[in-house]
Structures are given as structure tokens and as C-alpha cells.
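Peer 1: Got a predicted structure here, sequence first:
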Amino acid sequence: MAQDVTYADLRFVKTPPERSQEKGTWSQVDQIRMPPSVTDPSAPLPDPGEGELTYENVQGPPCQEERTPTATEGTKESDHRTWYAILALLATCLFLLTAAIGLGVRYWQVSRQLQQATEDGSALERRMGSQEGSLAQTQAQLEEAQEELHSTNGTLRSCLAAENRTQEQLRQANQSLILTQQEKEKLQQEKEELQQQLVQTKKSLEEAKSCQNIGCCPRGWNLFRWKCLWISREMKSWDDSQEACRRKSSQLLVLKPWSAKELWDATDIDKCDLESDQYWIGLGKGWGSWKWIDGRGFEETENIGTCSSFSGNCLQISNGALQWCSCSERIRYICEKNAQ
């Protein structure tokens, strides 16, 4: 069953505040009566003859007519939105690209810094290793220097000890030098004495050579100046010695003009292989006076000692010195005679 439906096109327009104050509040429909089928679809449709809807028209302020967007305008708006989305997407991509580039640059910088730090760490490790090697070498050099110092100290102590020994040796050498100088002076004095003896020996040699013109001494006799001397090996008293010399055609030795020391040194009597070094010579006391055996007087020019505890009347020579002894004492004797 077909029924007529009446639709009402209602529009509510908001009035500006100024004008609404002039005419009061919002215009509104005091009462709108609509069929129940409009409000309740399950209700039965009203009979067309029952009546009409009642409307109350309220006159409001004029309003601008609202344009209904066309299809072209909707497409443009959609394109604008698409472009906005694309721009937003591009901006987002650009932002992400910029962020990626920034992060890449930062990563590169951090990588470079890390690489530089690694290289610096490696260089530091190498430098530390080099310094450790240098430190070890320095330590070894220090130990060597300490050993050299100990060795030098030992050498220094040895040198000081050697210096002390050298000073002691120098002191001893100075003492030895003083003694040597004294010995030199003594030797110089002996040299002078030897030179004097050499002069005397030369004189004796000249006299001995002159003796060759008149002859030499017999076998067993010693030539002394111009006389021949017999040095006995047997022992006799002074008188027996004089008698023995007469049997040899000689007499006991007369020390004129020589001294006892000259005779002793020249004839080497002390070097003979004899048991005694005492010898009778020809001086005795007779008739109250001292005379040589050849009758010449005695002039005491030398200091004469004595034998034993008492003096005698006969003269003997012993070790180059003269002394008075008892004439009865048995000792060796020396005879003399002129060279032939």
C-alpha cells in the first residue's frame, strides 16, 4: 500500500551575536508535529485524510548561501592533500636522510677518533715499550756503572795502598840515599887514600925498577924499595933471629926511612899463610940507649905499644904497628939485605 511521505527540509542557521541580541535568542520551532511513522518506523502510516503537519515558520536573519562543493573542487582538495602527504613524506625522507648523513658523519668522526685513539694507544704502547727497553738498558748501564764504581773503588784503594808503599819506599830510598851519600863520602876519602897509596906504589915501582940496574933479590926474598926482605916461617927469640939473619948474610930489618905501616902494606905480610902476625925487627936496647942493629940511633916518630902487661927491650911489628916486647919471646922475624 502506497502512502504519501512528506519530508521537511529544515535548516538551522546560527545568527551572529550582534543580531541575535537585537532580536532575541536563537530562532527555533516552538512545536513540530510529525507523523509517528517518521519518528517510529514500526508505527502504521497515517491516513492521508487525517490531517496535515503543522509548521511554524520563524523568520530568521538572512544568511549566506552555502556552496555545495563540486566534484572538481573535491578532486583539487584531494590532490592538495596528496601533495601535502607527499611533501610531508619528502620532508620526512629528507629529515631521515639528513639524520642518516649526520649520523654517518658522526659515525665517521667517531670512527676516525676511535682509529686515532687506537693509533695513539698503539703509539703509546710502542713508546712505553721503547721506554721500558730504554729503562731496562738504563738499568743495565746503571748496574754496569755500579760495578765499574766498585771496581774503581777497589782500584783506588789499591792505588792508595800502592801510594803508601811508594811513599814508604821513597822514605827508605831517601834514607838509603843519605847512607849512600855518607858511603860516597867515605869512599871518596878511601879513594883519596888509595890515590896516595898509588902514588907511593908508583914511587916504590920506580925504585924497584931502578933496582933492576943493580940486580934483584934471591929466590924466596921479597923486593921492598931497594932492599930484599926475608920473612921467616920459623919462630925464634930476638937474639936467635939476629943470628939466623947473619947466616943469610943479612940483618934484622931496619925501618929507616919507612914507617911500619908502609912496610906492612907493601909486603903483604898479613896475607902470608902463617900462624902469627908478629915479627922481630932490628931495634934493641944496648948500653943504655936504643939503637938500630946497624948502629944508627932510634928516633921515636910513631906511637909504640907494648906486648902483654909489661914492656920489653926489643921491638916487633904486628899488623902494621910497632910494640915493645920481651926479647926472649919466640916469634917470627924479618931479615934484610941490599938488592944485588
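Peer 2: Right, received. Where do you want to start?
Peer 1: same for whatever helix or strand residue 122 lives in, what does it pack against?
Peer 2: Using DSSP states H and E, residue 122 falls within helix 71-211. Packing contacts for helix 71-211, counted by 3 or more Cβ pairs under 8 Å, 6 or more residues apart in numbering; DSSP states H and E, involve strand 222-224, helix 260-267. From N, CA and C alone the C-beta is placed, and that goes for glycine too.
Peer 1: weakest of these by average pLDDT?
Peer 2: Here the lowest mean pLDDT among those goes to helix 260-267, at a mean of 74.
Peer 1: tell me the angle of that helix relative to helix 71-211?
Peer 2: 100 degrees (axes from the mean of the first three to the mean of the last three Cα atoms, to 10 degrees).
Peer 1: Report the buried residues of the helix or strand just after helix 260-267.
Peer 2: The helix or strand immediately downstream of helix 260-267 is strand 278-286, counting by DSSP H and E. Residues of strand 278-286 classed as buried: 278-284 (neighbour count, 16 or more other Cβ atoms under 10 Å).
Peer 1: Pairing partners for strand 278-286, with directions?
Peer 2: In the sheet, strand 278-286 lines up against strand 289-292 (antiparallel), strand 314-318 (antiparallel), strand 332-338 (parallel) (DSSP bridges).
Peer 1: Check the average confidence over the second one, would you?
Peer 2: Taken as a whole, strand 314-318 has an average pLDDT of 86.
Peer 1: ok, now the shortest one?
Peer 2: Per-residue confidence for strand 289-292 averages out to 78 on the pLDDT scale.
Peer 1: Ok, stretch 245-255 next?
Peer 2: Mean pLDDT, stretch 245-255: 91.
Peer 1: do stretch 110-120 as well
Peer 2: Taken as a whole, stretch 110-120 has a mean pLDDT of 86.
Peer 1: between the helices and strands packed on helix 71-211, which gets nearest to residue 128?
Peer 2: helix 260-267 (99.3 Å; Cβ to Cβ).
Peer 1: and residue 96, how far is that from residue 147?
Peer 2: 73 Å (Cβ to Cβ, to the nearest Å).
Peer 1: hmm, I was thinking of residue 305
Peer 2: Distance, residue 305 to residue 147, using Cβ to Cβ: 79 Å.
Peer 1: before we move on, what about residue 307?
Peer 2: 83 Å.
Peer 1: So which of the two has more stuff around it?
Peer 2: Comparing residue 307 with residue 147 by other Cβ atoms under 10 Å, the one with more neighbours is residue 307, at 17 against 10.
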